[in-house]
Each structure stands twice: as C-alpha cells, then as structure tokens.
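Q: Predicted structure and sequence below. I'll ask about it afterward.
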Amino acid sequence: MSESVVGQLYVLQFLDDWVDFRYAEFLALLKLEGFQPELLTAYVIHDPNGLADPSAYVPIDLRNPSASPHTVASILSYLRHNKIVQHFLIFSFSDEAALVRIANRAVLVKNIYRLWGHEASFPALVDAVRHNSAELMESYLQPENSHLSWSVEVVGFGRSFTMPEKQVLRTHFSFLQFPGPVSLRSPDIEMCLLCDYSAGSSYTKSKEDNAAPSVPCYLGRRLPTVGMRDVLKKYSLKTRPYLGPTSLDDALTFILANMVGCKSGMVSYEPFVGTGSIVVALAHLGVFCVGSDIDPRVLRGEMYAGQEDTVIQAKKKRQQQYKELKQNVHALIKEGSNMPVDICTNFRTYDLPTPDLVRMDAHLFGRHFRPMDNFFDVIVTDPPYGIRAGARKSGRRDCDYQIPADRRHDHIPSTQTYPVEEVMLDLLDNAARSLVLGGPLVYLIPTTYDFTEQDLPRHPCLALEEVCHQELSSRHGRRAVVMRKTKAWSEENHQKYVEYKQRVLSGEDEGFGRLTAKLEAALATTAFQDDSVVKQFSNCSQRRRNAKERRMEAAKACRSESTTASNPSAAAAAAAGGEGA
C-alpha cells in the first residue's frame, strides 16, 4: 500500500547512545544499499542553532521535497563538525523497502517514520496535518484497506507523558478517521506523535500547557522495523560461553562492521582475534572470517575470564533467558562437560560457521601469509594497546636466535613486548599489502581529549575516512578509525612507510610519535592535578565532583566550629592576634 503524498519524506530517530558513531553508521549503510548520501535531499530541523546561517533554513513542504538545498551528507557533516547532537533527521527517500533493510541492519537507528507533518509547536502541527488530511488519508479510505487496524502512540523524547496527557494530545487528531478497528498491541497502521524535549533543543519544556507543547513535534507512520535489538540480545556478552577480560562490546562489534559495509560473501581478517568478539559479529553477517593471535592459550580456551566450571552454568542460564538457544545448549551439554571450551564454542553455540584461525605473529605477517597481496575484502580489529592488555611479538631482546628446521614443527617461540607504535604501524602496512584496492580497514585506538587527526598513524596506501569517538574516562577515550586502500602496494610506497616508521620509533615524528607520551600523561596517577592534561567531565560526573567539594567545605566548617567551641580562649587569642596584625 502506498500513500498519495508526493515526495516520500521520512523522519529517522537515532538511538540515544554511541552518539559519535550513529551518523557514520547510517551513511555507510546508505552506501551499502547503493544510495549516495550527497544526492539525498534532507531538511534542517527547527532549531535556531542548527545552522550558522539562519537564512539557510527551508520550510518542509510535503509536496516539494526537492526545495531543500541540503543533503543528508551535508547536514550530518555539519552536525558532526560542530558537535551538534540531533536525535532526528528528516530526508526524502525513493525506496521504502531499502530503508526498512537499513533500519533492520543499523544498531543506532531506533525508528523510522513516514512523515505526515513536522512543525515547531504542537498547535502548528495539528493545523498542518488537518490541512493535508484529505490527501494523507486517501489511500487508507479505499475499500480494500478498510480492515486495517490502527493506533496513535504519543512519545516524548526527553520527557514522559502520563496516560491522561497522551489522551488529550490524541484527541486533537480525531479528524483522522481510519475505517478499521483500533488495536494497541499490534496495529497494521501505527501512527506516532513525537514531541522533542531533548536537551540539545533551544526550546524550553512547557509543562504548564500539556495540551499544546511548544516544542518541535512530528507525526508519522512507523515503518515495520525491528532493528538489531533481538540480535544484540542473542549475542550479549553476559551469556556468551567463552570470553576474556578484553572482549569487545557486542554492540560495538556490529557498529564497526556496519561502518565498513560488511556483507555476505566478503573475506575478512582479524589479526588480533583474541576470544573472537569481532568475528562473531562478522560471521552473523555472512562474512567468511580469518583470524590470528600470537597467544595459543586464548585460542585453546585456557584464558577464560570466569570460573573454571562456568560453561555448564552459562548454558543453564541461557536456557532460562533465551529460548532460541535451547537446542544448541542441549546439544553442547549432551556432549559432556569435559568438552573443550575455546573460541569455537561461541560459534557452535550460535550455529555460525567457524572461522579459520591461525596461531601467528602479526609482526611477521609476511612470513605467515605469503603471497597474500590484494586478498582480504575488509579488516576489522581491536588491537591491544597496552591499557588493559599489552601486545607481544616473537623474539628476545638480548639475542637473535635461529631455530633448526627439524624443531620448528612443535616449537613455541619466546615473546617480547610489542610496543603500541609498532602494533599500529604494522597493522597499517599489513592492511596496505593484503587488502583489495578500495578495501576498508577499521580499528580502535586510545586517544586523549586534545586529539587531532595528526595523532593517528599514516600509510601512503591508505586514506582516512572516518574517526568516531567513545568516551572512556574523564582523561581519555578511544576512537574507531576507518581507512580505505586507495593506492596499490609497491616497493616505493613500502619504503616511504619504512622511513615513516623509523621517524616514529625514534621520536622524531610530531604526530603519532607523540600519542603514547600524551596517553601516559593522561593515565598517570597525578593526571588530575596536571593542568597540561585535557579533561572532560560528564554532567553526572561534574555534579558528583561539586557535591564532594560542598561536603568537604561543610566538614571543614564543622571542624572549625568544634575547635572554637572546645577552646574558646585559644580562638579569642587567635582573633586578637589577627586584629593586631
């Protein structure tokens, strides 16, 4: 069923989480579906601070969506550049089925609505919808659609409504006479009224006049999307049978996969596979996964971050929480409690294809994979950067030993510390060699709050595309970096990389070569007293700090009063001495 409104305008509601990642994820999924964000018309939200030039605002016209001079790419780029948090995006789209696929794949898209109206206040929205009601309702009044059930839901973003308040707001749209029955549980037509009370809006809350909120309001038909809620619930780390202390967050693994457009049939590589958090997400998306790690204990299941007998306990717990995993859990339990628990256990539990795993040293990539030029479609990785777990590489510092050929089949080499600078630089060079031309690399790297793009490692064959920030503490965070192979690997480019690597390791580089020193200063125990360390506190953290300071001042005043009360003569002498001075 299609509506008669010309233009096909939609309003997208982002999830209020991973704020700096959601624009990049949405743009990447648009490109994955074959759409160019630079060509999709978008509208500026009703916010005086939305654009630097107020004259750039164009009123939304449902009949003429091409009137806006802005595009999805330009608006999202402006919002990110100016660090403006917008929870809604209005844009035109030609393929609703593709939009549903994007919403079902995205982690950070909460809902998508077919737009019926959007105004700066609720009374203006009611008037606009009433004016267009005949056109909006035309397709629903046809005899073949008279059986469709419907409902009108009221949602406040940044504020909740009571049931009586919702009912008052619903009555304003009584002129929308759908012929079918009302169904609140599973309606065929789910209309939604969104009232935006978000903190980023320049509008103030209007609790005095609940019948007519003076905030931006949207009315639209919700598209039948489910998003990634059930998928994230299934792959939650809380119920995963095998994980480690550095297992990556399940939501972030899917976000990273979306940011580089992973799809079925691709071949991926994870050089620091660990317990396999990233490859689990990639395998779910149909990607053929190859992983490697230098520590055989992690691959064999000897580094499980939990109790020794937690395997059976975790299986029983999953039986109670997730019915969809019952068959796999029973199958694993029947095989016996002495069954090896390792990285492959996760894939058997989730009924995913097991990845190809190699115990190898990423520092010696050329010795293990040869030749592997232009082989992998994508590389997604979370390298060890020395904060919670450090990296290791083969060899010793004190000598350069050689292993005889007859001993190499069962030899486990000695390892030494693998500096963070070398980890990142080797990762980029291996990606430049093994990725197909145009293939993406995404990795995580810790950074400080005075970060610039010059702090990132570089390679002649790779171009920087996206940098998204996640706050971890008041002194540091980490960034997801997306790079793409734009030049073929050659000896000339490799030589440029070798020279750059030497400058970084010798401390001559002013960019990436200084990142480690900045991190060490930010993570030092004296960092809170160090004014050279840039700090960033959340609103909640700042309130706690202010409350602590008030308590300390109150305690100091209380001690002063008790001292005065217990020894009045000393207090009087001190006061007299102060007057004499």
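A: Alright, I've got the coordinates.

Q: Where does the prediction get shaky in the stretch 201-350 of the chain?
A: 201-211, 302-340 (pLDDT under 70).

Q: any chance you could map the strands in it?
A: 217-222, 267-270, 288-293 (DSSP state E, counting those that start in this stretch).

Q: can you check the stretch 451-581 of the chain too?
A: With strands called from DSSP E, counting those that start in this stretch, the stretch 451-581 of the chain shows them at 462-471, 476-485.

Q: Kindly compare burial across the strands of the stretch 201-350 of the chain and name the winner.
A: With neighbours defined as mean count of other Cβ atoms under 10 Å, these peak in mean count at strand 267-270, which reaches a mean of 24. The C-beta positions use only the backbone N, C-alpha and C, and glycine is treated the same way.

Q: hang on, isn't Met228 packed against Ile102?
A: No: here Met228 does not reach Ile102: they are 11.5 Å apart, not a contact under Cβ atoms under 8 Å.

Q: ranges for the helices of the stretch 351-500 of the chain?
A: 365-368, 420-434, 491-505 (DSSP state H, counting those that start in this stretch).

Q: on that earlier part again, winner for burial among the strands of the stretch 451-581 of the chain?
A: Most buried among the strands of the stretch 451-581 of the chain, counting by mean count of other Cβ under 10 Å: strand 476-485, with a mean of 21.

Q: what's the angle from that one to strand 462-471?
A: 160 degrees (axes from the mean of the first three to the mean of the last three Cα atoms, to 10 degrees).

Q: Partner strands of strand 476-485, with direction?
A: strand 440-448 (antiparallel), strand 462-471 (antiparallel) (DSSP bridges).

Q: Okay, the residue lying closest to Tyr197 once chain neighbours are set aside and Val100: tell me how far apart.
A: Nearest residue to Tyr197, sequence neighbours excluded (Cβ to Cβ, 6 or more residues apart in numbering): Gly158, at 3.5 Å. Remark: distance between Gly158 and Val100 (Cβ to Cβ, to the nearest Å) = 27 Å.

Q: Check Leu40 too.
A: For Leu40, the distance to Val100 - Cβ to Cβ - is 16 Å.

Q: still on that earlier bit, need the strands of the stretch 201-350 of the chain in CSV with distance to Arg407, can you?
A: Formatted as CSV, the strands of the stretch 201-350 of the chain follow (distance: least, Cβ to Cβ, whole Å):
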stretch, distance to Arg407
strand 217-222, 65
strand 267-270, 29
strand 288-293, 22
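
Q: So for Lys393, which of the ones you listed sits nearest?
A: Lys393 sits nearest to strand 288-293 of all the strands of the stretch 201-350 of the chain, at 12.0 Å, using Cβ to Cβ.

Q: Direction-wise, compare the closest one with helix 420-434 and give the angle.
A: Going by the same axes, to 10 degrees, strand 288-293 makes 150 degrees with helix 420-434.

Q: roughly how far is strand 288-293 from the heart of the chain?
A: In this view, strand 288-293 has its centroid 23 Å away from the chain centroid, taken as Cα atoms, centre = their mean, to the nearest Å.

Q: List the contacts of it.
A: Strand 288-293 is contacted by residues 265-274, 276, 279, 282-283, 299, 353, 355-360, 362, 368, 376 when judged by Cβ atoms under 8 Å, 6 or more residues apart in numbering.

Q: again, only using 7 Å
A: Here strand 288-293 makes contact (Cβ atoms under 7 Å, 6 or more residues apart in numbering) with 266-274, 276, 279, 282-283, 299, 355-360, 362.

Q: so for stretch 72-85, what's the average pLDDT?
A: Averaging the model's pLDDT scores along stretch 72-85 yields 82.

Q: What of stretch 479-498?
A: Stretch 479-498 shows a mean pLDDT of 93.

Q: Quick one: end-to-end length of that stretch, please.
A: 25 Å (Cα to Cα, to the nearest Å).

Q: what about it, distance to the chain center?
A: 26 Å.

Q: Leaving out chain neighbours, which residue sits closest to Ser277?
A: The nearest residue in space to Ser277 (Cβ to Cβ, 6+ apart) is Leu248, at 4.1 Å.

Q: residues contacting that neighbour?
A: 277-278, 382.

Q: So which of those is surrounded by the most neighbours?
A: In terms of neighbours by other Cβ atoms under 10 Å, the contacts of Leu248 top out with Ile278 at 27 neighbours.

Q: Spit out the contact partners of that one.
A: For Ile278, the contact set (Cβ under 7 Å, 6+ apart) comprises 248, 253, 270, 380-382.

Q: between those, which is nearest Leu9?
A: Of the contacts of Ile278, the one sitting nearest to Leu9 (Cβ to Cβ) turns out to be Thr253, at 33.0 Å.

Q: Quick check, that closest one in contact with Ser277.
A: Yes: between Thr253 and Ser277 there is a contact at 5.5 Å, judged by Cβ atoms under 7 Å.

Q: Am I right that Val126 is in contact with Arg170?
A: No: using Cβ under 7 Å, Val126 is not in contact with Arg170; the gap is 11.2 Å.

Q: Compare the two and say which one has the larger neighbour count.
A: Applying other Cβ under 10 Å to Val126 and Arg170 shows that Val126 carries more neighbours, namely 20 against 16.

Q: how close does the more buried one get to Leu141?
A: Separation of Val126 from Leu141 (Cβ to Cβ): 20 Å.

Q: now swap in Gly261 and tell me
A: Relative to Leu141, and taking Cβ to Cβ, Gly261 is found at 41 Å.

Q: more crowded one of the two?
A: Ranked by neighbour count (other Cβ under 10 Å), Gly261 and Leu141 place Gly261 first, with 17 against 12.
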